[in-house]
Structures are given as C-alpha cells and as structure tokens.
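> model the following, please.
(chains A, B and C)
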Amino acid sequence: MIKPADNKILDKIYRSLFTTFGPQHWWPGDSPFEIMVGAILTQNTNWQNVEKAIDNIKKARLLNPHRLLQNRDRIPYLIRPSGFYKLKSRRLISFLKYFVEGYDGKVENFHKKETEFLRDELLSIPGIGPETADSILLYALNRPVFVVDAYTRRILTRHKLISINADYEEIRKFFEDNLRKDVQLYNEYHALLVRVGKEFCKKNVPLCDNCPLYHIL
DNA sequence: TGCCAGGCCGGGT
DNA sequence: ACCCGGCATGGC
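Residues are numbered from 1 along each chain as shown, chains lettered A, B, ... in the order given. Next up is the predicted model:
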C-alpha cells in the first residue's frame, strides 16, 4: 500500500472531484430501508436496473421490512430487473430476517449499537460482504465508515496510490487514516469516486488525460 | 453485438 | 491464502 510523501493527496483528490462534479446527493433513495435494499440489489449491477426493482417493490407497497418478509415469495419476481434475482432474493431475505427478528425492522433500534458491532453483525449475514455492509452503515445509518468499491480500487491502482494487491480493509484504512472522520465527507467522497470512475476510469481503458485526476498525480 | 454494471460465495489449487 | 467461475438483467 503506499502513499508516501504526500499525506494530503486524498484531500487534493477530493477537492478536485468536488470542484469538477459538485455534490452527488447520495444515496439515491428516500428512506434508510430503501437504501439497505438498494445496497444489496446493486451488487455488481447497474443502478438503473436496481431502480426498476425498487420501483416494483414500491408499487407492490412492500417497501417495508415486515411486509416484505411476510411476502418473501414475491421477491424474486419483483426484483428480477436487478439481475441475479434468485441469489439476491436469498440475500435480501437473510437481511430482512436479521433486521426484523433482531431489531423489529426499526432503524432507530440500530442507534444504540456501536458501529463495529453492527459491522460484524452485517458481515455475518450470508450475501453481505464488506462493501454492502459499509454502504448500509454509511448511507442508511450515517456511520463514519468509508465505502470501497471496484471504482475506488481501479482509480487508486491506476494512479499508483495503492498496490494492486491491496485488499478491502487495507484500502478502507487508507482513506480513514488520512481523512477526518466525517460522515458527510465519506458520503460525498465515495459518490464522487463512482462518478469519476464511470466517466473516466472504465475497464480496459488505460488512463486518459481527460480525467480530472490526471494532472494532480 | 458484445461488454459491462456501485459483489459475494464456494470449490479447487 | 489466492484464483476463478457462477450468478442474470438491461443499457449503450
């Protein structure tokens, strides 16, 4: 991992991205529960497809943990547009059981728990890995946890800020160690990385000098 | 048309 | 401890 000399590089990157793109208003979603569902459905999937799935759930008036769990057999059909729908149905149901049985499906009941404790609980749910857990913690529960995703990794790798072998925890620590612990900052930063990644840091495209980050290396 | 999308898991080395 | 295929739909 790396990141020698300039321990302000992450600040520079953030300012550059924010100046270029402005606030991203993440997470797209009206309620913490919708965000949790979206976090699971968007695994390796285009957000547009996830929106269709969430719309289906809303139209069925099932965007509520208790009701969704009670109608679990309708989930595969409803979330079909988000892809991997049988797999994701199982994952969503696992999460719903955890949320309803452990917290009565109420977000307020999470508030008494420590972030690390919740993170461990989320990671123990089958189908919830580090990015999904951290997305839920940051965007649904407003906990200061930095979310690392494929774009984050690709951007940092391509700009030689981390080694190609760096694992999830290493990258997360890189951000959390070099930024102030601030929910709004983490929120915007991750959203901006996704934004710049979609536009300028695609797969199988080397490194373009149009990228706003190109010149601050 | 083929490639890709805001991962995660399980089996094989 | 890695590495890789499977999982699926819809947009460009």
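> what about A:Phe174, which helix or strand?
Assessed by DSSP states H and E, A:Phe174 sits inside helix A:168-178.
> the spatially most central residue of chain A: what's it in contact with?
For chain A, the residue nearest the mean C-alpha position is A:Ser135 (3.5 Å; Cα atoms, centre = their mean). Residues counted as contacts of A:Ser135 (Cβ atoms under 8 Å, 6 or more residues apart in numbering) are A:Trp27, A:Ile35, A:Ala39, A:Val147. Every C-beta, even on glycine, is put in place using the N, C-alpha and C of the backbone.
> repeat that with 10 Å
Contact partners of A:Ser135, counting by Cβ atoms under 10 Å, 6 or more residues apart in numbering, are A:26-27, A:35-36, A:38-40, A:42-43, A:122, A:128, A:145, A:147, A:149, A:190.
> hang on, A:Asp30 packs against A:Lys58?
Yes - at 9.2 Å, A:Asp30 counts as touching A:Lys58 under the criterion of Cβ atoms under 10 Å.
> what about the helices in chain A?
A:9-21, A:32-41, A:47-59, A:65-70, A:75-78, A:85-103, A:115-124, A:130-135, A:150-158, A:168-178, A:183-200 (DSSP state H).
> what are the contacting residues of the shortest one?
Where contact means Cβ under 10 Å, 6+ apart, the residues beyond helix A:75-78 that reach it are A:52-60, A:62, A:68-69, A:71, A:85-90, A:92-93, A:96.
> again, only using 7 Å
The contact list for helix A:75-78 (Cβ atoms under 7 Å, 6 or more residues apart in numbering) reads A:Ala53, A:Asn56, A:Ile57, A:Ala60, A:Tyr85, A:Lys86, A:Ser89, A:Leu92, A:Ile93.
> need phi/psi at whichever residue of chain A sits closest to DNA strand B.
Nearest residue of chain A to DNA strand B, counting by Cβ to the nearest atom of the strand: A:Gly129, 2.3 Å away. Torsion angles at A:Gly129 (phi, psi; degrees, to the nearest 10) stand at phi -100, psi -170.
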